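**Q** Structure, please.
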Amino acid sequence: MRIAIRSRCLLLPDESKKIPSLKAGCIYIEKGKIVKISTETVPEPAETVIDVGDDVVMPGLCDTHVHMNEPGRTDWEGIETATRAAAAGGITTLVDMPLNSIPPTTTVEALELKRASARNTAYVDYGFWGGVIPGNLKDIEPLIKAGVLGFKAFMIDSGVTEFPMASSEIIRESLPILASHKVPLLVHAELESPVDIKDQSAKSYNHFLESRPQRWEVDAIREIMSLSKEMKAPVHIVHLSASEALPEIEKAKEEGVQITVETCPHYLTLKSEDIEDGATHFKCAPPIRENENREGLWNGLQQGIIDFIVSDHSPCTPQLKNRETGNFETAWGGIAGLQFSLPVIWTEMQKRGLTVGHLSYWMSDRPAGFLKARGKTGKIEVGADADLVVWDPKAQFTLTEKEIFHRHKVTPYLAKRFQGVVKKTLVRGELVFDSGKFRGPMGREVTQT
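**A** The predicted model follows:
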């Protein structure tokens with residue numbers, strides 16, 4: 001069956017620039033692949049023609065940092081609810097972190113349990129990261145051969161007992177194995193050291209912010225870059241929050257260190273000055289920092305020091321967020337929001353004169369390039385999977401609970417006004433989300449090229 005999608009706003013690669021641009025035309029899809037792109041606005045014969053007018057047709061988002069929490073903690077989230085939320089947000093590929101599921105993805109047996117949970121359940125395509133923890137060095141190569149896309153390690157307490165932190169020595173031992181298979185180590189980069197906390201109230205956001213200073217991230221990133229350089233192994237810094245780390249990252253990249261970096265919508269759009277005491281739904285680790293730091297992250301993104309934007313969707317039950325007591329010390333640290341990554345970032349971009357092309361470059365093209373999954377190029381190009389999102393960049397909405405498809409409605413974005421409404425999401429040419437209605441599940445596990 002041949003499908004034609006016509007729009008006056010197709011986001012297509014620009015040979016002269018790294019940022020894609022909008023053009024009128026048609027995309028043709030057969031057997032889940034893009035087979036032709038035309039700048040002619042009158043479609044060729046096709047069994048199905050989808051005319052979206054002035055809506056943007058863009059590569060689907062690729063979110064490489066999602067906690068689906070299945071099996072074992074599905075009261076926190078779940079594969080079905082997470083992937084439905086992803087589809088509603090224009091995300092066509094996501095990768096699940098090895099925690100907070102029980103068991104974590106640190107053995108082949110655990111990977112197979114997760115695969116069984118995802119089969120015939122996921123609404124979008126998905127992959128899995130494995131984990132590096134004390135005692136599982138022998139499991140790394142079998143997990144690679146079984147199909148994990150890379151590995152995650154914590155340089156600090158992860159918050160869950162079944163996924164303990166990895167010491168520098170454990171990381172050093174794992175890197176040669178990963179390097180030999182050309183798969184990255186994703187690192188939660190914080191190194192704990194003594195801090196002087198002036199505000200002693202557990203309900204104070206400033207207390208929490210002081211408890212995880214930027215130097216924790218800077219020290220950890222400095223150490224992991226040294227190990228990467230020594231072992232000639234690719235490393236990736238997840239959810240960068242500290243702009244103070246950017247100069248050293250930039251220098252390392254210039255010296256050829258194999259390092260990539262992501263940041264998240266909450267670090268780019270929220271600021272600590274606006275977070276009230278007791279507002280524990282803003283707690284995440286590393287923390288949301290000051291406005292000056294946020295501006296530094298935007299500069300790092302635009303300069304190419306930060307490679308891309310992903311959600312770090314890390315939900316939990318409302319009770320674990322301590323909403324009633326407002327205690328930041330004991331509240332679970334994680335932001336729920338993958339469904340709204342696109343409008344949250346697009347709304348902030350409007351204040352900065354950035355384009356739809358920038359959004360796609362940082363949320364489709366670059367994370368897909370990092371992932372290296374077969375067919376998932378993050379671009380509208382012939383031969384790629386027909387993973388597409390159709391959205392209206394001018395439409396606005398106020399987020400209410402009824403729009404949220406995550407399992408729980410606790411998110412810092414609730415009741416805020418955003419610009420950019422997702423209308424349709426196609427995964428391999430199949431319409432999985434259409435104006436609030438779902439079709440599926442039809443997600444498949446991705447494999448590396």
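**Q** quick one: buried residues of stretch 243-261?
**A** 243-246, 249-250, 252-253, 257-261 (16 or more other C-beta atoms under 10 Å). For the C-beta atoms, the positions are set from N, CA and C on the backbone; glycine is no exception.
**Q** Can I get those in a markdown table including distance to residue 12, secondary structure and pLDDT?
**A** Compiled in a markdown table, those are given as follows (distance: C-beta to C-beta, whole Å; DSSP: H, G, I helix; E, B strand; the rest coil; pLDDT from 0 to 100):
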| residue | distance to residue 12 | secondary structure | pLDDT |
| --- | --- | --- | --- |
| 243 | 33 | helix | 98 |
| 244 | 38 | helix | 98 |
| 245 | 35 | helix | 98 |
| 246 | 31 | helix | 98 |
| 249 | 31 | helix | 98 |
| 250 | 30 | helix | 98 |
| 252 | 33 | helix | 98 |
| 253 | 28 | helix | 98 |
| 257 | 33 | coil | 98 |
| 258 | 30 | coil | 98 |
| 259 | 30 | strand | 98 |
| 260 | 25 | strand | 98 |
| 261 | 27 | strand | 98 |
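**Q** so which of those comes closest to residue 279?
**A** residue 243 (22.6 Å; C-beta to C-beta).
**Q** Leaving out the residues flanking it, which one is nearest to that closest one?
**A** Leaving aside its chain neighbours, residue 243 sits nearest to residue 296 (2.8 Å; criterion: C-beta to C-beta, 6 or more residues apart in numbering).
**Q** May I ask which helix or strand encompasses that neighbour?
**A** Here residue 296 sits within helix 291-302, counting by DSSP states H and E.
**Q** For residue 27, grab phi and psi.
**A** Main-chain torsions, residue 27, degrees, to the nearest 10: phi -110, psi 140.
**Q** ok, it - how many residues close by?
**A** Using other C-beta atoms under 10 Å, residue 27 has 25 neighbouring residues.
**Q** who touches it in this structure?
**A** Residue 27 makes contacts with 4, 5, 10, 34, 36, 37, 57, 380, 386, 388, as judged by C-beta atoms under 8 Å, 6 or more residues apart in numbering.
**Q** Show me just the buried residues among those residues.
**A** 4, 5, 10, 34, 37, 57, 380, 386, 388.
**Q** Can you lay out the residues you listed as a markdown table showing pLDDT and distance to residue 372?
**A** Shown next, in a markdown table, are those (pLDDT from 0 to 100; distance: C-beta to C-beta, whole Å):
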| residue | pLDDT | distance to residue 372 |
| --- | --- | --- |
| 4 | 97 | 29 |
| 5 | 97 | 26 |
| 10 | 98 | 25 |
| 34 | 98 | 19 |
| 37 | 97 | 23 |
| 57 | 98 | 24 |
| 380 | 98 | 18 |
| 386 | 98 | 19 |
| 388 | 98 | 20 |
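**Q** Among these, which one lies nearest to residue 43?
**A** Out of those, the member with the shortest distance to residue 43 (by C-beta to C-beta) is residue 4, at 4.2 Å.
**Q** Surely the closest one is in contact with residue 43?
**A** Yes: contact status for residue 4 versus residue 43: in contact at 4.2 Å, counting by C-beta atoms under 8 Å.
**Q** what's the overlap in contacts for these two?
**A** Shared contacts of residue 4 and residue 43, defined by C-beta under 8 Å, 6+ apart, are found at 26, 49.
**Q** coming back round to it: out of the buried ones among the contacts of residue 27, give me the two with the largest separation.
**A** Distances among those were taken as C-beta to C-beta; the most separated pair is 4 and 380, at 13.6 Å.
**Q** check contacts around residue 332.
**A** With contact taken as C-beta under 8 Å, 6+ apart, residue 332 is in contact with 159, 283, 316, 320, 321.
**Q** Next up, the contacts around the closest residue to residue 64 other than its chain neighbours.
**A** Spatial nearest neighbour of residue 64, chain neighbours left out: residue 95 (4.5 Å); criterion: C-beta to C-beta, 6+ apart. Residues near residue 95 by C-beta under 8 Å, 6+ apart: 63, 64, 65, 66, 126, 127, 128, 129, 149, 371.
**Q** how about 7 Å then?
**A** Residue 95 sits next to 64, 66, 126, 127, 128, 129, 149, 371 when contact means C-beta atoms under 7 Å, 6 or more residues apart in numbering.
**Q** and which of the residues you listed is nearest to residue 202?
**A** The nearest one, if we look at the contacts of residue 95 relative to residue 202 and count by C-beta to C-beta, is residue 66, at 29.2 Å.
**Q** For the residue nearest to residue 407 when sequence neighbours are not counted, give me phi and psi.
**A** Using C-beta to C-beta, 6+ apart and skipping residues adjacent in sequence, the residue nearest residue 407 is residue 81, 4.4 Å away. Torsion angles at residue 81 (phi, psi; degrees, to the nearest 10) stand at phi -70, psi -40.
**Q** Quickly note the distance from residue 81 to residue 441.
**A** 11 Å (C-beta to C-beta, to the nearest Å).
**Q** picking that back up, and the residue nearest to residue 407, what does it touch?
**A** By C-beta under 7 Å, 6+ apart, the residues touching residue 81 are 405, 406, 407.
**Q** Who are the packing partners of the longest helix anywhere in the chain?
**A** The helix spanning the most residues in the chain, taking DSSP state H as the definition, is helix 214-231. Judged by 3 or more C-beta pairs under 7 Å, 6 or more residues apart in numbering; DSSP states H and E, the packing partners of helix 214-231 are helix 168-181, strand 235-237, helix 246-254.
**Q** What is the neighbour count of residue 2?
**A** Around residue 2 there are 17 residues (other C-beta under 10 Å).
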